[in-house]
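**Q** Give the three-dimensional model of this entry:
(chains A and B)
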2 protein chains.
Amino acid sequence: MLHAVLARAIRHGRLTVQYPDGRIRHYGDGTGPEAGFRILTRRAAWRLVTNPGLSFGESYMDGAIEPLDGRLLDLLNLLMANMAEPTGHPVEALRALWRQARRRLDQLNPAPRARRNVAHHYDLNGRLYALFLDRDRQYSCAYFPTGQESLEEAQAAKKRHIAAKLRLAPGQEVLDIGCGWGGMALTLARDHGVRVTGITLSEEQLREARRRAAEAGLADRCRFELLDYRAWRRPVDRIVSVGMFEHVGIVNYPAFFRTLARALKPDGVALVHAIGRRDGPGSTNPWLTRYIFPGGYSPALSEVLPAVERSGLWATDVEILRLHYALTLQEWRRRFAANRDAIQSLYDERFCRMFEFYLAASEASFRQGGLINWQLQVSRRIDAVPLTRDYMLEAERALAAAPAG
Amino acid sequence: MLHAVLARAIRHGRLTVQYPDGRIRHYGDGTGPEAGFRILTRRAAWRLVTNPGLSFGESYMDGAIEPLDGRLLDLLNLLMANMAEPTGHPVEALRALWRQARRRLDQLNPAPRARRNVAHHYDLNGRLYALFLDRDRQYSCAYFPTGQESLEEAQAAKKRHIAAKLRLAPGQEVLDIGCGWGGMALTLARDHGVRVTGITLSEEQLREARRRAAEAGLADRCRFELLDYRAWRRPVDRIVSVGMFEHVGIVNYPAFFRTLARALKPDGVALVHAIGRRDGPGSTNPWLTRYIFPGGYSPALSEVLPAVERSGLWATDVEILRLHYALTLQEWRRRFAANRDAIQSLYDERFCRMFEFYLAASEASFRQGGLINWQLQVSRRIDAVPLTRDYMLEAERALAAAPAG
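**A** The predicted structure follows:
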């Protein structure tokens, strides 16, 4: 059965599969990239036919699938490059319908569930994130002006890139929705003299963000709260939200942008940075939903813009970052591998394999699977930002040239 | 009747109306902008109630409505600023439904009708356009880096802005869909050493574009054809389309972007520049449809992006130009007024009033009515354009610094 499915699905490259009975088969046209895997149990082979989206990751976690030569990323790149083209099998259309129906339910995310969803991933032991993220713990797409930057440089460049779009001035009030461990808020407060409130649903992140603010002597200008964005009431000059929109859920997009429209002062500006998909509405991979991001979804821009248009906000700029997240994930994977022993002692082998699969599958998705990272700038007034975008690059370069701190 | 409608609709500013019986009434809260009009016939007053979208322009053309002090733009700005907020009247919801149903039909634009629609406006006497456009006859939104440029400078800046996004190299094949009188094609051929084919459905534009190519000695590198975009077959490196998408019609957006995807070589890049609306799907004003642009529609980005996503193309950048078109129209109106006698002798008084209404209503729409001009860059490959947008501003400034020609 699996043989028939693969023979149909794999058209490009060369995929080698070693079956539980020892037989080795090859798929694809034999040109281009090569990769392969061993399936160790008949059950894993069967589940790959009936539920590939969930079971490939699970079987990898359980050790029932082993990439040849340990090259997990190459394997996922090859599989995704082939899956990007529909095979035209009727089962695909049925699956798509089913996913469309389910995803609205999966993404309802009322406040209590939103908090549980966030805790699932972001309340993991804080030491874990220190072992694969950059020093500032930016857990979102970095920005690589040349592609040659270190992760630390690229995350600093990302913060400058966003700050430049926000047109900050000393004394402004800034709201950071989904503030993570506080890196963005602290940077804005330190380098731009603004007052920032960061909100998060993760108690672990809240604790760490507050600790860092105190340590940096910024606690007076940088506050952190455990708060759902829907509960925010105070008008602010600027709003920034980086890597949080993925957790909002499609049914809540109107509420999200209404919150921005209500919270911004009349000359306010907001910048939302999130993962998206290039090829229209889709659904979150079921393995990712179960193990990493319950309630999460990365939308096509065509799914985001209707909510912006109805909110009364102006969409003043849309940047589409391609490949930047692949470069970010490449470095996270490298650091994760370098610290694998330490991470294994924090958790266990199955957790390590789960996380490795998550990082490799994400990187492959940004190279082969049509994932992007978009930055959407919105304002309440037609003239809240200048006539042209030139100020963005000019401000960013001035920031890069200035000494930090 | 009209009194009741205006009393309900006009909330801001101060609108003065002089009725056919000589009575003068005021509307609005009396703060902010002031403007007004006289209605000279009872019929015009009645039609303003039953069909304001069509009849306001018609009554102006016929002289049955006269703006006070001749200030047509101020009047339209005031009316549009008030209409931007829905009054909640149930008739509005019914009208919206009816318009949604009609607009798909209005915008079918099969090839023969597309040609008639284009002839309606663009086959007007060529001298007309020379009397209000810039010297290069750019009949689309200019680009004002500072807002202080002359129209000639701003149209040259627009062409540089677009050329920078196209990443041109000498010898490339470029397709210009909706080439107008050839200004963009000739500029690209002359300043970038590319070979351009411009296609239009207007015989008047075709003749003039060919004449200009011959005159400039560029006829070998710059060809023009009378062709519908759907009929284009030859692969090209670059596609540019400026101010044509407004005539495509919403039902044809998938065909338009499929045409781009099919016509572009694998490393190709295209740039589409068109008018849009910020506040979601709408409908074209019936006066504009009847008198100026039959079959025309300026879409919300949420209406454009689904077709891009399904086409297999990457949306690699979306720029949203606000107010640039208001500045452009302001200058077109000024030149039109300065040449009114010459234009009246080409046509007649009613034509002049029609055109004045069109220019003023358009300018008011870009200031008060939520119209924008978007530039969408698309490519076939994820890496067809650089990692960051920095190249755009750098190339544009290099072009501005270089001597033309």
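**Q** Provide the secondary structure category for the closest residue to residue A:166 other than its chain neighbours.
**A** Distances taken as Cβ to Cβ, 6 or more residues apart in numbering or on different chains put residue A:238 closest to residue A:166, at 5.0 Å, once the chain neighbours are dropped. Yep, even glycine has a C-beta here, placed from its N, CA and C like the rest. Local secondary structure at residue A:238 is given as strand here, using DSSP: H, G, I helix; E, B strand; the rest coil.
**Q** doesn't residue A:171 make contact with residue A:238?
**A** No - at 11.4 Å, residue A:238 does not count as touching residue A:171 under the criterion of Cβ atoms under 8 Å.
**Q** Could I get the full set of strands for the stretch 201-350 of chain A?
**A** Under the criterion DSSP state E, counting those that start in this stretch, the stretch 201-350 of chain A contains strands at A:222-226, A:236-242, A:264-277, A:314-321.
**Q** Would you reformat those strands as TSV and include mean neighbour count and mean pLDDT?
**A** Conversion of these to TSV gives the following (neighbours: other Cβ atoms under 10 Å in any protein chain shown; pLDDT from 0 to 100):
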stretch	mean neighbour count	mean pLDDT
strand A:222-226	20	98
strand A:236-242	24	98
strand A:264-277	22	98
strand A:314-321	23	98
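**Q** Tabulate those strands in a markdown table, adding columns for distance to residue A:124.
**A** Conversion of these to a markdown table gives the following (distance: least, Cβ to Cβ, whole Å):
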| stretch | distance to residue A:124 |
| --- | --- |
| strand A:222-226 | 17 |
| strand A:236-242 | 19 |
| strand A:264-277 | 19 |
| strand A:314-321 | 26 |
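**Q** right, so of these, which gets closest to residue B:389?
**A** Comparison of the strands of the stretch 201-350 of chain A against residue B:389 by Cβ to Cβ identifies strand A:314-321 as nearest, at 6.7 Å.
**Q** any common contacting residues for residue A:238 and residue A:171?
**A** Taking Cβ atoms under 8 Å, 6 or more residues apart in numbering or on different chains as the contact rule, residue A:238 and residue A:171 both touch residue A:194.
**Q** Show the low-confidence segments of the stretch 251-400 of chain A, by residue range.
**A** The model of the stretch 251-400 of chain A has no residue with pLDDT under 70.
**Q** Might you enumerate the residues of chain A proximal to chain B?
**A** Among all residues of chain A, those adjacent to chain B (criterion: Cβ under 8 Å from any Cβ of the partner chain) are A:143-147, A:278-280, A:300-302, A:305-306, A:309-310, A:312, A:314-324, A:367, A:382-383, A:387-390, A:393.
**Q** Now, of these, which are buried?
**A** The neighbour-count test (16 or more other Cβ atoms under 10 Å in any protein chain shown) applied to the residues of chain A next to chain B identifies A:143-145, A:278-280, A:300-302, A:305-306, A:309-310, A:312, A:314-324, A:367, A:382, A:387-389, A:393 as buried.
**Q** domains in chain A, as residue ranges please.
**A** By the assignment in automatic domain parsing, chain A contains the domains A:2-87, A:106-401.
**Q** Just say which of those domains is most tucked in.
**A** Each of the domains of chain A was scored by mean neighbour count; the highest is domain A:106-401, a mean of 20, by mean count of other Cβ atoms under 10 Å in any protein chain shown.
**Q** And the next helix or strand past whichever strand or helix holds residue A:103?
**A** Using DSSP states H and E, residue A:103 falls within helix A:90-106. Under the assignment DSSP H and E, the closest C-terminal helix or strand after helix A:90-106 is helix A:111-122.
**Q** Average pLDDT for that following helix, rounded please.
**A** Per-residue pLDDT values across helix A:111-122 average out to 88.
**Q** and for it, what are the contacting residues?
**A** Contact with helix A:111-122 is made by A:109, A:180, A:200-205, A:228, A:230-231, A:247, A:292-296, as judged by Cβ under 8 Å, 6+ apart.
**Q** Centroid-nearest residue for chain A?
**A** residue A:275 (5.1 Å; Cα atoms, centre = their mean).
**Q** and the gap between the nearest residue to that residue once chain neighbours are set aside and residue B:257?
**A** In this structure, residue A:275 finds its nearest non-sequential neighbour in residue A:298, 4.0 Å apart by Cβ to Cβ, 6+ apart. Relative to residue B:257, residue A:298 is positioned 22 Å away (criterion: Cβ to Cβ, to the nearest Å).
**Q** With residue A:131 instead?
**A** Applying Cβ to Cβ to residue A:131 and residue B:257 gives a distance of 44 Å.
**Q** same deal with residue A:211?
**A** The separation that residue A:211 has from residue B:257, given Cβ to Cβ, amounts to 50 Å.
**Q** Sticking with residue A:352, tell me its helix or strand.
**A** For residue A:352, the secondary-structure element it belongs to, assigned by DSSP H and E, is helix A:349-367.
**Q** Assumed residue A:196 was part of a strand.
**A** Yes - counting by three-state DSSP, one finds residue A:196 located in a strand.
**Q** Could I get the pLDDT score of it?
**A** Per-residue confidence for residue A:196 comes out at a pLDDT of 98.
**Q** dump the residue contacts of it.
**A** Residue A:196 makes contact with A:174-176, A:185-186, A:188-189, A:221-223, according to Cβ under 8 Å, 6+ apart.
**Q** what pairs with it across the strands?
**A** The residues paired with residue A:196 through beta bridges, assigned by DSSP bridges, are residue A:174, residue A:222.
**Q** Kindly provide the distance from it to chain B.
**A** For residue A:196, the distance to chain B under the criterion Cβ to the nearest Cβ, to the nearest Å works out to 26 Å.
**Q** likewise residue A:81?
**A** If you go by Cβ to the nearest Cβ, the gap between residue A:81 and chain B works out to 11 Å.
**Q** That residue contacts residue A:12, correct?
**A** Yes - the pair residue A:81 / residue A:12 is scored as a contact, 6.2 Å apart, by Cβ under 8 Å.
**Q** Not counting its own residues, what contacts stretch A:25-36?
**A** Residues from elsewhere that reach stretch A:25-36, judged by Cβ under 8 Å, 6+ apart: A:3, A:6-7, A:9-19, A:67-68, A:71, A:74-75, A:77-78, A:81-82.
**Q** Please work out the average pLDDT along that stretch.
**A** The average of the pLDDT scores along stretch A:25-36 is 94.
**Q** For it, list the C-alpha coordinates in CSV.
**A** As requested, the backbone C-alpha atoms of stretch A:25-36 are provided in CSV (Å, rounded to 0.1, in the frame of the first residue of the first chain):
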residue,chain,number,x,y,z
ARG,A,25,12.6,0.6,-3.1
HIS,A,26,13.4,3.8,-4.9
TYR,A,27,10.9,6.6,-6.0
GLY,A,28,11.0,9.7,-8.1
ASP,A,29,12.7,10.5,-11.4
GLY,A,30,16.2,10.0,-10.0
THR,A,31,17.3,13.6,-10.8
GLY,A,32,18.0,16.2,-8.1
PRO,A,33,18.0,15.8,-4.4
GLU,A,34,18.3,12.3,-2.7
ALA,A,35,17.2,11.2,0.7
GLY,A,36,15.5,8.3,2.3
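**Q** ok, now which ones touch whichever residue of the stretch 151-300 of chain A sits closest to chain B?
**A** Of the residues in the stretch 151-300 of chain A, the one nearest chain B is residue A:280, at a distance of 3.8 Å by Cβ to the nearest Cβ. Residues counted as contacts of residue A:280 (Cβ under 8 Å, 6+ apart) are A:300, A:302, B:306, B:309-310.
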